[in-house]
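# take this sequence and fold it.
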Amino acid sequence: MSRPPKCRRVEFMPEMTFFKPAGIPVSELEVIQLTVEELEAIRLKDLLGLEQEGCAEKMGVSRPTYHRILSSARGKVAVALVEGKAIRVEGGHFEMVVRHFKCFDCGHLWELPCGEGPRGSEITCPQCQSDNVSRVSKEGHPYGCHSKKRGRGNGQES
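Below is the predicted model:
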């Protein structure tokens, strides 16, 4: 008995989830299902141009597993294009990757899915509109030294 698939990390949820050849009614088309993680594999490799090792790391899977996901996705897309079938993006074993933020003025914590909302440097607190905001860990701890200023190179806080 095989073990259940590991949850894959996904940073992008498509708005458009159904694609079909023009001029053919949906009722006459065979539909191929592309999972959300298969679409993510194509996005990382073919759209963003990342190396497979980096893609696998972003998705939280091994390199051979990533290669299997990508090969399956490309095969399904090829069949749909060559044989005139529709593609529906749905399902799979995945979790959305989110970014966590903290406002250092009012203490508000919130999260945004990757790829949604403003870029990190342009983010303001949705509660108090402050720009004293930083990306934090899931637990609310800042990454690196964001809110402390250093004195003249002597390592002491000012």
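
# my read is that G84 contacts F19, right?
No - using C-beta atoms under 8 Å, G84 is not in contact with F19, being 11.7 Å away. Every residue, glycine included, has its C-beta placed from N, CA and C.

# between those two, who's got more neighbours?
For G84 versus F19, the count of surrounding residues by other C-beta atoms under 10 Å is larger for F19: 17 against 14.

# residues contacting F18?
By C-beta atoms under 8 Å, 6 or more residues apart in numbering, the contact list for F18 reads 86-89.

# let's see that with 7 Å instead.
86, 88 (C-beta atoms under 7 Å, 6 or more residues apart in numbering).

# make sure E57 is indeed in a helix.
Yes - the assignment for E57 by DSSP: H, G, I helix; E, B strand; the rest coil puts it in a helix.

# how much space between it and R9?
Here the criterion is C-beta to C-beta, to the nearest Å. By it, E57 lies 9 Å from R9.

# what packs against the longest helix anywhere in the chain?
When the chain is parsed with DSSP state H, its longest helix is helix 63-83. Judged by 3 or more C-beta pairs under 7 Å, 6 or more residues apart in numbering; DSSP states H and E, helix 63-83 is in contact with strand 31-34, helix 36-42, helix 52-59, strand 86-89.

# quick one: contacts of the second one?
To tie it back to what came earlier, the one meant is helix 36-42. Helix 36-42 is contacted from outside by 8, 10, 12, 14, 55, 59, 66, 69-70, 72-74, 89, 91-94, using C-beta under 7 Å, 6+ apart.

# now those residues: which count as buried?
Listed as buried from the contacts of helix 36-42 are 8, 10, 12, 55, 59, 66, 69-70, 73, 89, 92, 94; burial here means 16 or more other C-beta atoms under 10 Å.

# identify, from these, the entry nearest to I24.
V89 (18.8 Å; C-beta to C-beta).

# rewinding a little: pick the most buried one from the helices and strands packed on helix 63-83.
The highest average neighbour count among the helices and strands packed on helix 63-83, using mean count of other C-beta atoms under 10 Å, belongs to helix 36-42 at a mean of 24.

# mean confidence for it?
Averaging pLDDT along helix 36-42 yields 97.

# do stretch 92-109 as well
So the average pLDDT for stretch 92-109 ends up being 87.

# sweet, I'm off.
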